[in-house]
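**Student:** Structure for the following, please:
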Amino acid sequence: MKHELKIDFFHDVICGWCYVLSPRLRQLAKEMNLDVHHHAFALSANKNEMIGKFGSMKKAKKIILGHWQQCALADDQKRVNVEGMREKSFEYPTSTPGLIACKAAQKQGGQQEYWDYFDALTHAHMSENRNIADLGVLTDIADEVGLDRQRFLQDYASPDRVQEINRDRKLARKFDIQSTPSLVVNDQWVISGALPLNELRSQLKQIQQQESAA
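**Tutor:** Numbers count the residues shown, from 1 in each chain. Prediction:
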(Lines give C-alpha, C1' and ligand atoms only; values in the text may rest on other atoms or scores of the structure.)
Protein backbone atom coordinates (compact mmCIF):
# COMPACT_ATOMS: atom_id res chain seq x y z
CA MET A 1 0.00 0.00 0.00
CA LYS A 2 1.29 3.44 -0.91
CA HIS A 3 2.38 5.67 1.91
CA GLU A 4 -0.03 8.54 2.57
CA LEU A 5 1.53 11.99 2.65
CA LYS A 6 0.40 14.78 4.97
CA ILE A 7 0.11 18.10 3.17
CA ASP A 8 -0.19 21.46 4.95
CA PHE A 9 -1.64 23.86 2.36
CA PHE A 10 -0.95 27.53 3.17
CA HIS A 11 -3.12 29.86 1.11
CA ASP A 12 -5.06 33.10 0.95
CA VAL A 13 -8.54 33.75 -0.42
CA ILE A 14 -7.32 36.71 -2.51
CA CYS A 15 -4.40 34.76 -3.98
CA GLY A 16 -4.89 33.97 -7.65
CA TRP A 17 -2.15 31.36 -7.66
CA CYS A 18 -3.92 29.53 -4.82
CA TYR A 19 -7.04 29.42 -7.01
CA VAL A 20 -4.94 27.93 -9.80
CA LEU A 21 -3.30 25.32 -7.55
CA SER A 22 -6.29 24.10 -5.52
CA PRO A 23 -7.94 21.92 -8.23
CA ARG A 24 -4.57 20.35 -9.04
CA LEU A 25 -4.06 19.47 -5.40
CA ARG A 26 -7.61 18.10 -5.20
CA GLN A 27 -6.90 15.78 -8.11
CA LEU A 28 -3.68 14.54 -6.52
CA ALA A 29 -5.34 14.16 -3.12
CA LYS A 30 -7.66 11.59 -4.73
CA GLU A 31 -4.94 9.91 -6.79
CA MET A 32 -2.40 9.62 -3.98
CA ASN A 33 -4.57 9.43 -0.86
CA LEU A 34 -3.13 12.70 0.49
CA ASP A 35 -4.03 13.99 3.94
CA VAL A 36 -4.55 17.72 3.27
CA HIS A 37 -4.74 20.33 6.04
CA HIS A 38 -5.65 23.94 5.29
CA HIS A 39 -4.00 27.02 6.75
CA ALA A 40 -4.72 30.73 6.41
CA PHE A 41 -1.88 33.01 5.32
CA ALA A 42 -2.97 36.62 4.90
CA LEU A 43 -1.14 38.46 2.12
CA SER A 44 -2.83 41.77 3.05
CA ALA A 45 -4.73 41.30 6.28
CA ASN A 46 -6.33 44.76 6.25
CA LYS A 47 -6.47 48.03 4.29
CA ASN A 48 -3.46 49.51 6.08
CA GLU A 49 -1.32 46.55 5.05
CA MET A 50 -2.56 46.77 1.48
CA ILE A 51 -1.95 50.53 1.24
CA GLY A 52 1.48 50.07 2.82
CA LYS A 53 2.34 47.50 0.18
CA PHE A 54 0.88 49.17 -2.91
CA GLY A 55 0.54 52.88 -2.05
CA SER A 56 -3.25 53.12 -2.29
CA MET A 57 -6.27 50.86 -2.69
CA LYS A 58 -6.64 52.00 -6.30
CA LYS A 59 -3.02 51.10 -7.09
CA ALA A 60 -3.44 47.81 -5.25
CA LYS A 61 -6.29 46.75 -7.52
CA LYS A 62 -4.41 47.74 -10.66
CA ILE A 63 -1.23 45.86 -9.70
CA ILE A 64 -3.05 42.79 -8.41
CA LEU A 65 -5.12 42.54 -11.58
CA GLY A 66 -1.83 42.47 -13.46
CA HIS A 67 -1.02 39.36 -11.42
CA TRP A 68 -4.47 37.98 -12.28
CA GLN A 69 -3.55 38.13 -15.96
CA GLN A 70 -0.64 35.77 -15.29
CA CYS A 71 -2.91 33.49 -13.25
CA ALA A 72 -5.44 33.47 -16.10
CA LEU A 73 -2.77 32.20 -18.50
CA ALA A 74 -1.71 29.46 -16.06
CA ASP A 75 -5.16 28.27 -14.98
CA ASP A 76 -6.00 24.83 -16.39
CA GLN A 77 -9.71 25.63 -16.57
CA LYS A 78 -9.48 29.26 -17.79
CA ARG A 79 -11.74 30.52 -14.99
CA VAL A 80 -10.08 33.86 -14.13
CA ASN A 81 -12.17 36.89 -15.15
CA VAL A 82 -9.78 39.84 -15.08
CA GLU A 83 -11.97 42.28 -16.99
CA GLY A 84 -14.98 41.53 -14.82
CA MET A 85 -13.11 42.53 -11.66
CA ARG A 86 -11.60 45.59 -13.35
CA GLU A 87 -15.13 46.90 -13.98
CA LYS A 88 -16.26 46.50 -10.36
CA SER A 89 -16.46 49.67 -8.27
CA PHE A 90 -15.69 48.13 -4.86
CA GLU A 91 -12.19 48.21 -3.42
CA TYR A 92 -10.08 45.11 -3.89
CA PRO A 93 -10.84 42.85 -0.91
CA THR A 94 -8.36 42.32 1.91
CA SER A 95 -7.59 38.86 3.22
CA THR A 96 -9.09 38.69 6.69
CA PRO A 97 -12.88 38.52 6.10
CA GLY A 98 -12.59 35.58 3.70
CA LEU A 99 -10.07 33.75 5.86
CA ILE A 100 -12.31 34.10 8.91
CA ALA A 101 -15.17 32.75 6.79
CA CYS A 102 -13.06 29.71 5.81
CA LYS A 103 -12.36 29.06 9.47
CA ALA A 104 -16.10 29.34 10.23
CA ALA A 105 -16.75 26.74 7.52
CA GLN A 106 -14.11 24.50 9.09
CA LYS A 107 -15.73 24.87 12.51
CA GLN A 108 -18.96 23.56 11.04
CA GLY A 109 -17.67 20.82 8.76
CA GLY A 110 -13.97 20.14 9.29
CA GLN A 111 -11.12 20.24 6.78
CA GLN A 112 -13.21 19.11 3.81
CA GLU A 113 -15.80 21.82 4.39
CA TYR A 114 -12.98 24.37 4.68
CA TRP A 115 -11.68 23.28 1.28
CA ASP A 116 -15.12 23.30 -0.35
CA TYR A 117 -15.80 26.76 1.04
CA PHE A 118 -12.34 28.04 0.08
CA ASP A 119 -12.84 26.87 -3.50
CA ALA A 120 -16.32 28.40 -3.68
CA LEU A 121 -15.04 31.65 -2.20
CA THR A 122 -12.08 31.98 -4.55
CA HIS A 123 -14.39 31.15 -7.46
CA ALA A 124 -16.77 33.88 -6.33
CA HIS A 125 -13.82 36.29 -6.16
CA MET A 126 -11.88 35.44 -9.33
CA SER A 127 -14.53 34.09 -11.69
CA GLU A 128 -17.77 35.77 -10.58
CA ASN A 129 -16.09 38.97 -9.28
CA ARG A 130 -18.21 39.19 -6.14
CA ASN A 131 -17.05 41.28 -3.19
CA ILE A 132 -15.67 38.71 -0.76
CA ALA A 133 -15.00 41.41 1.84
CA ASP A 134 -18.77 41.70 2.30
CA LEU A 135 -20.28 39.53 5.04
CA GLY A 136 -23.51 39.14 3.08
CA VAL A 137 -21.59 37.65 0.17
CA LEU A 138 -19.60 35.38 2.49
CA THR A 139 -22.84 34.15 4.08
CA ASP A 140 -24.49 33.57 0.71
CA ILE A 141 -21.52 31.41 -0.28
CA ALA A 142 -21.95 29.44 2.97
CA ASP A 143 -25.54 28.78 1.84
CA GLU A 144 -24.35 27.75 -1.60
CA VAL A 145 -22.01 25.05 -0.22
CA GLY A 146 -24.68 23.73 2.16
CA LEU A 147 -23.59 25.22 5.48
CA ASP A 148 -26.08 26.27 8.13
CA ARG A 149 -26.40 30.04 7.71
CA GLN A 150 -27.04 30.98 11.35
CA ARG A 151 -24.29 28.77 12.69
CA PHE A 152 -21.91 30.17 10.08
CA LEU A 153 -22.67 33.73 11.27
CA GLN A 154 -22.16 32.72 14.91
CA ASP A 155 -18.87 31.00 14.16
CA TYR A 156 -17.75 33.91 11.96
CA ALA A 157 -18.35 36.36 14.83
CA SER A 158 -16.34 34.34 17.38
CA PRO A 159 -12.89 35.73 18.32
CA ASP A 160 -11.66 32.12 18.17
CA ARG A 161 -11.43 32.46 14.38
CA VAL A 162 -8.79 35.19 14.59
CA GLN A 163 -6.84 33.07 17.08
CA GLU A 164 -6.95 30.17 14.61
CA ILE A 165 -5.57 32.41 11.85
CA ASN A 166 -2.82 33.57 14.21
CA ARG A 167 -1.91 29.95 14.95
CA ASP A 168 -1.63 29.30 11.23
CA ARG A 169 0.70 32.29 10.90
CA LYS A 170 2.84 30.93 13.72
CA LEU A 171 3.00 27.53 11.97
CA ALA A 172 3.97 29.28 8.72
CA ARG A 173 6.88 30.96 10.51
CA LYS A 174 8.04 27.57 11.78
CA PHE A 175 8.41 26.40 8.16
CA ASP A 176 9.67 29.80 6.96
CA ILE A 177 6.68 30.21 4.66
CA GLN A 178 6.88 33.60 2.94
CA SER A 179 4.30 33.36 0.16
CA THR A 180 1.21 31.57 -1.08
CA PRO A 181 0.49 28.98 -2.20
CA SER A 182 2.94 26.87 -0.20
CA LEU A 183 2.73 23.18 0.59
CA VAL A 184 4.56 21.54 3.49
CA VAL A 185 4.85 17.79 2.98
CA ASN A 186 5.17 15.56 6.07
CA ASP A 187 6.40 18.52 8.16
CA GLN A 188 9.65 18.49 6.20
CA TRP A 189 9.56 19.44 2.52
CA VAL A 190 8.28 22.84 1.32
CA ILE A 191 6.87 23.24 -2.20
CA SER A 192 6.17 26.84 -3.18
CA GLY A 193 4.08 28.23 -6.00
CA ALA A 194 1.36 26.89 -8.29
CA LEU A 195 3.30 24.08 -9.92
CA PRO A 196 1.83 22.45 -13.04
CA LEU A 197 -0.08 19.25 -12.26
CA ASN A 198 2.51 16.84 -13.65
CA GLU A 199 5.39 18.58 -11.91
CA LEU A 200 3.57 18.61 -8.57
CA ARG A 201 2.65 14.94 -8.98
CA SER A 202 6.28 14.09 -9.74
CA GLN A 203 7.60 15.95 -6.68
CA LEU A 204 5.05 14.34 -4.36
CA LYS A 205 5.77 10.87 -5.71
CA GLN A 206 9.48 11.43 -5.21
CA ILE A 207 8.87 12.39 -1.59
CA GLN A 208 6.55 9.41 -1.18
CA GLN A 209 9.28 7.06 -2.40
CA GLN A 210 11.81 8.60 -0.03
CA GLU A 211 9.40 8.24 2.88
CA SER A 212 8.60 4.64 2.00
CA ALA A 213 12.30 3.78 1.81
CA ALA A 214 13.08 5.40 5.16
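
**Student:** what about Glu91, which SS state?
**Tutor:** coil (DSSP: H, G, I helix; E, B strand; the rest coil).

**Student:** burial count for it?
**Tutor:** The local packing of Glu91 (other CB atoms under 10 Å) involves 15 other residues. Where C-beta positions appear, they are placed from N, C-alpha and C, glycine not excepted.

**Student:** if I pick the nearest residue to it once chain neighbours are set aside, what's in contact with it?
**Tutor:** Closest residue to Glu91 apart from its sequence neighbours, by CB to CB, 6 or more residues apart in numbering: Met57 at 4.7 Å. Neighbouring residues of Met57 by CB atoms under 8 Å, 6 or more residues apart in numbering: Lys47, Met50, Ile51, Glu91, Tyr92.

**Student:** Narrow those to just the buried residues.
**Tutor:** With burial judged by 16 or more other CB atoms under 10 Å, the buried subset of the contacts of Met57 is Met50, Tyr92.

**Student:** Which member of the contacts of Met57 is positioned nearest Cys18?
**Tutor:** Tyr92 (15.5 Å; CB to CB).

**Student:** And that closest one, how far from Leu25?
**Tutor:** For Tyr92, the distance to Leu25 (CB to CB, to the nearest Å) stands at 25 Å.

**Student:** Follow the chain on from the helix or strand containing Gln108 and name the next helix or strand.
**Tutor:** Under the criterion of DSSP states H and E, Gln108 resides in helix 96-126. Next along the chain after helix 96-126, taking DSSP H and E as the criterion, comes helix 135-144.

**Student:** Next, the buried residues of that next one.
**Tutor:** Buried residues in helix 135-144 (16+ other CB under 10 Å): Val137, Leu138, Thr139, Ile141, Ala142.

**Student:** cool, and stretch 148-161?
**Tutor:** For stretch 148-161, by 16+ other CB under 10 Å, it's Phe152, Asp155, Tyr156, Arg161.

**Student:** what's the closest non-adjacent residue to Cys18?
**Tutor:** Nearest residue to Cys18 in three dimensions, chain neighbours excluded: His11, at 3.9 Å (CB to CB, 6+ apart).

**Student:** looking at it, the one you found is touching Phe118, isn't it?
**Tutor:** Yes - between His11 and Phe118 there is a contact under CB atoms under 8 Å: 7.1 Å.

**Student:** In this protein, what residue spans correspond to helices?
**Tutor:** 16-32, 47-54, 57-74, 82-87, 96-126, 135-144, 149-157, 160-174, 197-213 (DSSP state H).

**Student:** so can I have a markdown table of these showing mean pLDDT and distance to Asp187?
**Tutor:** Formatted as a markdown table, the helices of the chain follow (pLDDT from 0 to 100; distance: least, CB to CB, whole Å):
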| stretch | mean pLDDT | distance to Asp187 |
| --- | --- | --- |
| helix 16-32 | 97 | 17 |
| helix 47-54 | 97 | 29 |
| helix 57-74 | 97 | 28 |
| helix 82-87 | 98 | 36 |
| helix 96-126 | 98 | 17 |
| helix 135-144 | 98 | 31 |
| helix 149-157 | 98 | 28 |
| helix 160-174 | 97 | 9 |
| helix 197-213 | 93 | 11 |
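
**Student:** among the ones you listed, which is the most enclosed?
**Tutor:** Highest mean neighbour count among these (mean count of other CB atoms under 10 Å): helix 96-126, with a mean of 22.
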